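S.K.: Here you go, sequence then predicted model.
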Amino acid sequence: MHTIAYFDSSHDMPEEVISAAGFIPMKIMGDVHASNDPADQYLQKFFCPAARSFLTEALAHSEEWAGIIVAHGCDATNRHFDVWKLHVKTPFLYWFNSPIRNDAVALRFYIEELKRLIAALEKHYRVSISPESLKKSIAQSNEIKKRLKDISTLRAIKDIPNREYYNIVSACVTKPKAECMTLLEKTEADWKNRPDFPSDKKRFYLTGSDVTYAEWMDLLDECGIRVVRDDLSIGERYFANRFADHEDPLEAIADYYLTIPRSATRISLDGRISYILQSLKETAVDGVLSQNLKFCEPYAYDAVTVNSELRAHGYKVLHLEREFSPALDQQVMNRIAAFTEML
Ligand code: SF4
């Protein structure tokens, strides 16, 4: 019972506060192999299937967790919180109200929300979350983000299957942080000794809904695509930035979470586009794959403007909608094959 699980539709949950309270922060990822029937008792089938899978996981495992925090992200997070309050058994269910804006008012708001979260954790678990323990968690997060960023650059030059990249980032949001450090050291040593980037693969930028299972990354490999850059939350958004030095750790946390690359669930479409364009300037790619999970409206809406801008800058962009399934989708594979043949 040392884990506090969190439902985070992007990268909005300040894991550092959970670590500073002495718990293991674990992002709820769902299970694409399990039927969503348990969640479908409470949610309509036209609701995002990834979020339904998070509920299925919570219904099955919540009693193994010390508590659950839902970080405000897409609309699924708001709606779920009300459903989870009624149906998920947990001694601690907390709503962390991460703001959608990132201006000076949002910064002040965020710091107040952090104080509320800390007070709630201290009261419920009878722990003390000191500035020192927060600073320690921040330093640990910075180390993990630095290492992830370093190894992620190897994707464009070494033979690193998409699944392996997905697995290491996913481990960093679900496993104890000390374990992640060991895993990252081993991965770095391994990846540095890999053969060069395979000549039969194309380098791609991946954007859109978060991918929450490795099989979809396998599908891209099957299609001859290697993801060498991305802006996903279980991806570069998680490690693009690091915490800056601040005397007050709450300011450091608020500053970090409000200045990381924006997701489609946040205001700032221009910010998203400039971030993607900057990444594309840094790393040459053959094409951009934009995808949205069926019923994931934030990314479906954004994709229209984001993709037009990328095309206007001369990038070849394929957009597609995908199912939430581990099976290789032949229709999707045919579309990708037709697109890559034209490159
Ligand atoms: S896939 Fe889209 S709709 Fe589903 S939880 Fe993530 S952001 Fe929300």
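M.R.: Arrived safely. Numbering: from 1, shown residues only.
S.K.: Can you name the residues of the stretch 101-250 of the chain sitting close to the ligand?
M.R.: Within the stretch 101-250 of the chain, the positions near the ligand by CB under 6 Å from any ligand atom are 209-210. Bear in mind the C-beta positions are built from the backbone N, C-alpha and C, glycine included.
S.K.: All the helices of the stretch 101-250 of the chain, in order from the start?
M.R.: Under the criterion DSSP state H, counting those that start in this stretch, helices of the stretch 101-250 of the chain are mapped to 104-125, 131-152, 162-174, 177-192, 214-222, 236-239, 249-259.
S.K.: Can you give me the buried ones in the fifth one?
M.R.: Spelled out, that is helix 214-222. Of the residues in helix 214-222, 214, 216-221 count as buried by neighbour count, 16 or more other CB atoms under 10 Å.
S.K.: again with the first one
M.R.: Within helix 104-125, the residues that qualify as buried by neighbour count (16+ other CB under 10 Å) are 106-107, 109-111, 113-114, 117-118, 120-121, 125.
S.K.: residue ranges with poor pLDDT in the stretch 151-300 of the chain?
M.R.: Within the stretch 151-300 of the chain, no stretch has pLDDT under 70.
S.K.: From the rest of the structure, what touches stretch 161-175?
M.R.: Stretch 161-175 has contacts (CB atoms under 8 Å, 6 or more residues apart in numbering) with 15, 24-27, 29, 144, 148, 151-152, 155, 179-180, 183-184, 187, 191, 211, 214, 217-218, 220-221, 225-227, 234-235, 238-239.
S.K.: For PyMOL, write the selection for the buried entries among those.
M.R.: Selection of buried members from these for PyMOL, criterion 16+ other CB under 10 Å:
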select buried, resi 15+24+25+26+27+29+144+148+151+152+155+180+183+184+187+191+211+214+217+218+220+221+225+226+227+234+235+238+239
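S.K.: which residues touch Met181?
M.R.: Counting by CB under 8 Å, 6+ apart, Met181 touches 140, 143-144, 147.
S.K.: does Phe7 count as helix, strand or coil?
M.R.: strand (DSSP: H, G, I helix; E, B strand; the rest coil).
S.K.: any chance you could map the strands in this structure?
M.R.: 3-8, 24-27, 67-71, 93-96, 202-208, 225-230, 287-293, 317-322 (DSSP state E).
S.K.: which one of those lies closest to Tyr275?
M.R.: Of all the strands of the chain, strand 202-208 sits nearest to Tyr275, with 9.9 Å by CB to CB.
S.K.: Output that closest one as PDB - backbone C-alpha positions only.
M.R.: Provided in PDB are the C-alpha atoms of strand 202-208 (Å, rounded to 0.1, in the frame of the first residue of the first chain):
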ATOM      1  CA  LYS A 202      11.900   5.900 -42.200                       C
ATOM      2  CA  ARG A 203      12.300   8.600 -39.500                       C
ATOM      3  CA  PHE A 204       9.000  10.000 -38.300                       C
ATOM      4  CA  TYR A 205       7.600  12.600 -35.800                       C
ATOM      5  CA  LEU A 206       4.600  11.300 -33.800                       C
ATOM      6  CA  THR A 207       2.000  13.600 -32.500                       C
ATOM      7  CA  GLY A 208      -1.600  13.400 -31.200                       C
END
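S.K.: That one pairs with which strands, and in what direction?
M.R.: The pairing partners recorded for strand 202-208 under DSSP bridges are strand 225-230 (parallel), strand 287-293 (parallel).
S.K.: which of those is buried the deepest?
M.R.: By mean neighbour count, with neighbours taken as mean count of other CB atoms under 10 Å, strand 225-230 ranks first of those at a mean of 25.
S.K.: what's the burial count for the residue nearest to Ile118 when sequence neighbours are not counted?
M.R.: Residue nearest to Ile118 in three dimensions, not counting chain neighbours: Ile129, with 4.9 Å by CB to CB, 6 or more residues apart in numbering. Ile129 has 23 neighbouring residues, counting by other CB atoms under 10 Å.
S.K.: swap in the one 3 residues further on?
M.R.: Applying other CB under 10 Å, we find 10 other residues in the vicinity of Glu132.
S.K.: And it, how far from the ligand?
M.R.: Between Glu132 and the ligand the computed distance is 34 Å (CB to the nearest ligand atom, to the nearest Å).
S.K.: and that residue, how far is that from Leu114?
M.R.: Using CB to CB, to the nearest Å, we find Glu132 at a distance of 16 Å from Leu114.
S.K.: Contact partners for the most centrally placed residue in the chain?
M.R.: The geometric centre of the chain, computed from its C-alpha atoms, lies nearest to Ser233 (CA atoms, centre = their mean), at 2.4 Å. Contacts of Ser233 were listed using CB under 8 Å, 6+ apart, and they are 8, 10-11, 210, 263.
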